[in-house]
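> Any chance you could fold what I've pasted below:
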Amino acid sequence: MLPQPGSLAGLRVVDLTRVLGGPYCTQILGDHGAEIIKVEPPQGDEVRDWGPPFRDGDASYFIGINRSKRSIGLDLSQQEGCAVLLRLLESADVLIENFKPGTMERWGLGYAETLEPRFPRLIHCQITGFGATGPLGGFPGYDAVIQAMTGWFSINGTPESGPTRAGIPLVDIGTGLYATIAILMAIEERHRSGIGQHIDMSLFDAGVALMHPHIPNYLLSGRIPGLLGNAHPNISPYDKFQTRTVEIFLAVGNDRAFSRVCAELGRPGLADDPRFLHNADRVTNRAELTAELQALLAGLEGVELCERLLAIGVPAGPVLDVQQVLEHPHTSHREMKAQVGDYEGWGVPIKFSRTPGEARRQPPAFGAHGREILAEAGYSAQEMDALAEQGVLVEKRRRT
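Just a heads-up that it's a prediction; the model follows:
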């Protein structure tokens with residue numbers, strides 16, 4: 001079956017990004033029908049090497065965030081490579097890149113100097129570690145470094161573990177999601193103004209903006225948040241508990257839900273205990289409540305209990321590993337497993353009624369579509385041969 005057009009059909013994106021934040025953004029756009037031309041440097045996107053595991057020489061890290069795209073290898077350090085990129089931009093709506101600030105300007109591709117005058121409708125999204133200006137402007141940034149510098153380590157972990165990195169690269173992913181939103185906002189604004197604009201995205205800004213509720217808590221209370229473990233700083237009980245069979249997580253957000261939990265556990269009177277009457281009381285007396293609940297839960301079958309709690313409106317679930325998640329019947333029901341040929345990945349979380357997204361292409365081999373892309377831009381076979389001979393069109397990764 002041929003892919004459906006998707007809600008972004010007709011949108012053309014030239015993607016110069018590597019690693020995670022930018023590719024995560026463009027995979028979302030590609031899943032929803034945008035044409036993504038992934039322009040890779042001669043060495044390729046470095047995460048092709050971030051393994052094992054590998055498939056056909058490409059690491060799972062690359063495979064996970066680069067479907068629904070085509071790849072061309074270009075050497076932008078050569079003037080002829082920049083000329084090819086400019087030709088590709090003639091028909092593009094969006095350019096997204098995550099080079100170190102000043103790189104595009106050094107190549108003669110700066111937004112204000114070159115791109116805006118030449119392509120007034122172009123939306124240029126730039127992703128950097130810290131932005132181009134300010135005390136840290138221009139410095140490189142990776143997810144874990146930004147997690148450390150924006151307070152994530154300081155609230156993630158336990159007294160035993162100490163400050164700990166979040167196990168998912170959520171600063172990179174969050175920046176990719178913010179970039180996706182920003183690009184769609186700019187497209188919407190362009191419908192009114194007829195012109196594009198520059199988007200300045202940084203990992204640092206995203207890391208700060210994602211620190212909820214810890215920044216608001218600090219600004220209101222004046223108290224610096226500390227390590228939380230699995231508990232929530234503002235809600236109780238909102239924590240992980242051990243049952244007889246599995247660990248489960250309870251997320252009890254209001255007094256009514258707490259009363260239901262207590263009744264289901266055979267201790268309805270616990271909800272009337274003055275220490276636990278309202279959420280503020282339960283937060284204040286968190287340790288006592290946790291001990292009471294753990295004693296009640298220790299002898300129960302966890303999965304069955306979670307199903308009973310969900311049935312009465314209380315959010316609860318067992319702690320699952322990756323294999324259990326992928327094998328869960330609800331994962332299949334929600335179509336959150338995708339397959340294209342021998343490629344497998346997570347499904348599309350945005351569910352449209354008329355224009356559904358889908359995994360449209362397998363993650364591309366390096367430069368797999370170079371000549372196809374150049375032919376669409378009007379290059380002849382002879383011109384493509386010349387570009388390949390000059391090392392401008394790169395068809396095999398350079399490992400040095």
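
> All the strands of the stretch 51-200 of the chain, residue numbers only.
54-55, 58-59, 70-74, 94-97, 123-128, 198-202 (DSSP state E, counting those that start in this stretch).

> Would you convert those strands into CSV that also reports distance to G22 and mean pLDDT?
(C-beta placed from N, C-alpha, C; glycine too.) What follows is the strands of the stretch 51-200 of the chain, written out as CSV (distance: least, C-beta to C-beta, whole Å; pLDDT from 0 to 100):
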stretch, distance to G22, mean pLDDT
strand 54-55, 22, 96
strand 58-59, 17, 96
strand 70-74, 14, 98
strand 94-97, 6, 98
strand 123-128, 5, 98
strand 198-202, 9, 98
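
> Could you dump those into JSON lines with mean neighbour count and distance to G141 added?
Converted to JSON lines, those look like this (neighbours: other C-beta atoms under 10 Å; distance: least, C-beta to C-beta, whole Å):
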{"stretch": "strand 54-55", "mean neighbour count": "16", "distance to G141": "27"}
{"stretch": "strand 58-59", "mean neighbour count": "20", "distance to G141": "21"}
{"stretch": "strand 70-74", "mean neighbour count": "24", "distance to G141": "25"}
{"stretch": "strand 94-97", "mean neighbour count": "24", "distance to G141": "15"}
{"stretch": "strand 123-128", "mean neighbour count": "25", "distance to G141": "7"}
{"stretch": "strand 198-202", "mean neighbour count": "19", "distance to G141": "8"}
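
> R118 is in contact with L86, isn't it?
Yes. With contact defined as C-beta atoms under 8 Å, R118 counts as touching L86 (7.2 Å).

> Between the two, tell me which one has more neighbours.
L86 (15 against 12; other C-beta atoms under 10 Å).

> What's the separation between the more buried one and A206?
Computed as C-beta to C-beta, to the nearest Å, the L86 to A206 distance reads 30 Å.

> returning to that earlier point: any chance of the strands of the stretch 51-200 of the chain in a markdown table with distance to H191 as columns?
Converted to a markdown table, the strands of the stretch 51-200 of the chain look like this (distance: least, C-beta to C-beta, whole Å):
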| stretch | distance to H191 |
| --- | --- |
| strand 54-55 | 40 |
| strand 58-59 | 37 |
| strand 70-74 | 26 |
| strand 94-97 | 14 |
| strand 123-128 | 12 |
| strand 198-202 | 16 |
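
> Identify whichever of the ones you listed lies nearest to R398.
Ranking those by their distance to R398 (criterion: C-beta to C-beta) puts strand 70-74 first, at 8.8 Å.

> which helices and strands sit right next to that closest one?
Strand 70-74 is packed against strand 35-40, helix 79-89, helix 370-376, strand 393-394, with contacts defined by 3 or more C-beta pairs under 8 Å, 6 or more residues apart in numbering; DSSP states H and E.

> Can you get me the centre-to-centre distance for the second one and its chain?
The reference is to helix 79-89. 29 Å (C-alpha atoms, centre = their mean, to the nearest Å).

> Now do the buried residues in it.
Neighbour counts using 16 or more other C-beta atoms under 10 Å place E80, G81, C82, V84, L85, L88, L89 of helix 79-89 among the buried residues.

> Equivalent analysis for the first one, please.
Within strand 35-40, the residues scored as buried using 16+ other C-beta under 10 Å are E35, I36, I37, K38, V39, E40.

> Tell me the one of the residues you listed nearest N66?
Minimum distance to N66 across the buried residues of strand 35-40 is 6.8 Å, recorded for K38 (C-beta to C-beta).

> thought the closest one was touching N66?
Yes. Between K38 and N66 there is a contact under C-beta under 8 Å: 6.8 Å.

> which stretches of the stretch 51-200 of the chain form helices?
Along the stretch 51-200 of the chain, the segments classed as helices by DSSP state H, counting those that start in this stretch run 60-63, 79-89, 103-106, 116-118, 143-149, 152-155, 170-193.
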